[in-house]
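coords please:
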Amino acid sequence: MKKKRPTLQNVADLVGVTKMTVSRYLKNPDLVSFPLQGLIREALDSLGYIPNRAPDILSNSKSHAIGVLIPSLSNQVFSDVVHGIEAVLEPAGYQTMLAHYGYSRESEEARIATLLSYNVDGLIISESFHTDRVRKMIEVAGVPVIEIMDSVSPPIEQAIGINNEAAAYAMTKFMINKGRHKIAYFAARMDKRTLLKVKGYENAMLDHGFTPLCIKSTNPSSFALGADFLKEVLKNHPDTNGIFCTSDDVAIGALFACQKAGIKVPEDIGIAGFHGHDISRVMVPLLATVITPREEIGRLAAEHLLSRLQGNPISQKVIDLPFKIEAGESI
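Next comes the predicted model:
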């Protein structure tokens with residue numbers, strides 16, 4: 001059975017003031033005398049009082065909360081994005097309501113419906129492809145929406161991200177220029193962003209006269225998946241001399257598997273990842289990777305959303321941020 005929470009009246013009774021006095025304190029402590037501030041604060045702490053914001057939300061039509069949808073809770077990419085978002089929202093007095101949808105369009109639809117039912121003031125969505133119902137709900141809700149991570153797909157209102165296809169093309173070309181001509185691409189999840197990366201890799205291989213080879217899995221990216229991919233590619237394509245992975249964890253798994261098997265990196269096989277995770281900066285050899293501005297994406301998304309909540313028009317419909325090819329020591 002749900003425990004009954006302390007009420008404003010409980011706090012007022014403990015202090016010996018009216019409920020209205022406690023309410024004024026909660027809105028702005030300076031509205032009551034300094035000695036009373038201390039007494040009310042002590043009473044709130046001792047009772048474990050939790051403010052009920054529902055009446056304010058209903059009367060003001062504002063929640064001071066932003067809904068943020070991410071596809072993975074375990075992926076460092078999105079923890080960096082959320083860090084950038086919260087670094088902007090919290091000082092501005094907004095709470096982040098985080099929802100996880102596991103790369104499922106149906107789950108995204110359900111999570112957005114829930115967030116909108118809590119009357120969030122805006123949405124930051126880590127996806128560019130949605131169900132018709134999602135688009136209709138967003139239209140009806142009338143809250144500002146920013147899609148992140150992808151700067152190519154047409155946005156609902158505004159998009160902030162990178163060109164994943166161009167980034168994959170650039171890394172593949174870099175590997176080719178390093179003498180890697182039999183490059184396999186290791187792809188996980190097979191979500192829309194992964195498909196864009198695959199396209200960039202394939203176009204770079206074909207443009208340079210080489211045959212693309214993509215090893216795919218719908219499983220999430222992981223170290224273990226990278227090791228499994230390596231075994232598969234060496235069994236069926238033993239002449240492979242380059243591996244480009246959809247994420248750093250897959251690349252690191254493949255690299256460790258090479259070391260375990262006595263395969264020298266980069267002498268025998270060159271390996272590259274995507275995103276520039278912290279671990280790739282300290283491992284031996286340093287991992288070649290595409291460094292993406294994940295925290296900046298989150299920060300800019302929050303800043304632009306706040307600007308629009310203040311009544312400003314969209315200043316830039318699509319913000320395409322730069323990526324960086326990190327040579328590392330693994331190619």
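
what about the strands in the stretch 151-300 of the chain?
Shown for the stretch 151-300 of the chain, the strands assigned by DSSP state E, counting those that start in this stretch span residues 158-162, 183-187, 213-216, 242-245, 270-275, 288-291.

what sits up against the longest one?
Strand 270-275 is touched from outside by 76-77, 167-168, 171, 174-175, 178, 180, 197, 241-252, 254-255, 258, 265, 280, 287-292, 294, 328, 330-331, with contacts defined as C-beta atoms under 8 Å, 6 or more residues apart in numbering. Heads up, the C-betas are built off the backbone N, CA and C, glycines and all.

ok so, going back, for Gly298, which of the strands of the stretch 151-300 of the chain is the nearest?
strand 158-162 (8.9 Å; C-beta to C-beta).

and that closest one, what does it pack onto?
strand 145-150, helix 294-309, strand 318-320 (3 or more C-beta pairs under 8 Å, 6 or more residues apart in numbering; DSSP states H and E).

Can you lay out those as a markdown table showing mean neighbour count and mean pLDDT?
Shown next, in a markdown table, are those (neighbours: other C-beta atoms under 10 Å; pLDDT from 0 to 100):
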| stretch | mean neighbour count | mean pLDDT |
| --- | --- | --- |
| strand 145-150 | 26 | 97 |
| helix 294-309 | 22 | 98 |
| strand 318-320 | 17 | 98 |
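
which stretches of the protein form helices?
Here the chain has its helices, by DSSP state H, at 8-15, 19-27, 34-47, 54-60, 76-89, 105-117, 132-141, 164-177, 192-207, 223-236, 248-260, 294-309.

Compile the strands of the stretch 151-300 of the chain into a markdown table and extend it with columns for mean pLDDT and distance to Thr7.
Shown next, in a markdown table, are those (pLDDT from 0 to 100; distance: least, C-beta to C-beta, whole Å):
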| stretch | mean pLDDT | distance to Thr7 |
| --- | --- | --- |
| strand 158-162 | 98 | 42 |
| strand 183-187 | 98 | 55 |
| strand 213-216 | 98 | 57 |
| strand 242-245 | 98 | 55 |
| strand 270-275 | 98 | 48 |
| strand 288-291 | 98 | 52 |
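
Please identify the most buried of those.
strand 242-245 (a mean of 30; mean count of other C-beta atoms under 10 Å).

Give me the contacts around that one.
Contacts of strand 242-245 (C-beta under 8 Å, 6+ apart): 168, 171-172, 175, 180-186, 201, 226, 229-230, 233, 251, 254, 269-274, 331.
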